[in-house]
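**Student:** coords please:
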Amino acid sequence: MSLPEPWLRGTHPHPHPILRAVLHSFEQVREDLAHHTAGLTAEQTWSAYGTVAPLGYQLRHMAGSVDRLTTYAAGEALTELQLAEGSLEAVPGASLPELLQRVEEALERSAAQLQALDLNDLAAPRFVGRQRLPTTLGGLLLHLAEHTQRHLGEAIITAKLARA
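**Tutor:** Next up is the predicted model:
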């Protein structure tokens, strides 16, 4: 019998329910990527299928967006390096193990940074992008979880297409 999804296992005892949901989302990403990408080749990692972006792009974007959204949640602006990396997400080249490692490192860094935040005021103002679009800490945390899951779904579909 397979285990239930992470959010049903009670695996993260963090007392804050929003952060606990984000951490469960990250755990789901790890498990699903390991399952759905196992054995894929470099060609499959970087092949596009119609208008579906390559798996390599999805993984790079997932790692980069986790990093960027976490930076915004911390109330900080993106660095020049973060901006430059965002423009290179679709450039082929990195191997599947390298890409999965980047996702893992981004999830680990994000979890540590988020756990260090004061989550008592989810309505605290935050700003996104060069235009400093307004949002809140709570909005960023929820978007971090759902955006990461959205790209996980795209990565799973792309991996399935690669195997077809």
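**Student:** what ranges do the helices span in this structure?
**Tutor:** Remark: helices assigned in the chain by DSSP state H are 17-37, 42-46, 55-73, 80-86, 96-115, 137-163.
**Student:** mind putting those into a markdown table with distance to V128, mean pLDDT and mean neighbour count?
**Tutor:** Backbone N, C-alpha and C define where each C-beta goes, glycine included. What follows is these, written out as a markdown table (distance: least, CB to CB, whole Å; pLDDT from 0 to 100; neighbours: other CB atoms under 10 Å):
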| stretch | distance to V128 | mean pLDDT | mean neighbour count |
| --- | --- | --- | --- |
| helix 17-37 | 17 | 94 | 18 |
| helix 42-46 | 29 | 95 | 17 |
| helix 55-73 | 5 | 97 | 24 |
| helix 80-86 | 13 | 91 | 12 |
| helix 96-115 | 16 | 97 | 18 |
| helix 137-163 | 8 | 96 | 19 |
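**Student:** L3 is nearest to which of those?
**Tutor:** The closest of the helices of the chain to L3 is helix 17-37. By CB to CB, the value is 8.8 Å.
**Student:** what lies in contact with that closest one?
**Tutor:** Contact with helix 17-37 is made by 5-7, 11-14, 45, 55, 59, 62, 96, 100, 103-104, 107, 110-111, 114-115, 119, 122, 138, 141-142, 144-146, 148-149, 152, 155-156, 159-160, as judged by CB atoms under 8 Å, 6 or more residues apart in numbering.
**Student:** still on that earlier bit, looking at the helices of the chain, which is nearest to G129?
**Tutor:** Of all the helices of the chain, helix 55-73 sits nearest to G129, with 8.3 Å by CB to CB.
**Student:** dump the closest one to CSV, restricted to CA.
**Tutor:** Extracted in CSV, the C-alpha atoms of helix 55-73 (Å, rounded to 0.1, in the frame of the first residue of the first chain):
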residue,chain,number,x,y,z
LEU,A,55,11.0,19.2,-18.6
GLY,A,56,14.4,20.9,-18.2
TYR,A,57,12.7,24.3,-18.4
GLN,A,58,10.0,23.3,-15.9
LEU,A,59,12.7,22.2,-13.4
ARG,A,60,14.8,25.3,-13.8
HIS,A,61,11.8,27.5,-13.5
MET,A,62,10.6,25.6,-10.5
ALA,A,63,13.9,26.1,-8.7
GLY,A,64,14.2,29.7,-9.8
SER,A,65,10.6,30.7,-8.9
VAL,A,66,10.9,29.1,-5.5
ASP,A,67,14.0,31.2,-4.9
ARG,A,68,12.5,34.4,-6.2
LEU,A,69,9.2,34.1,-4.4
THR,A,70,11.0,33.2,-1.1
THR,A,71,13.1,36.4,-1.6
TYR,A,72,10.0,38.5,-2.0
ALA,A,73,8.4,36.8,1.1
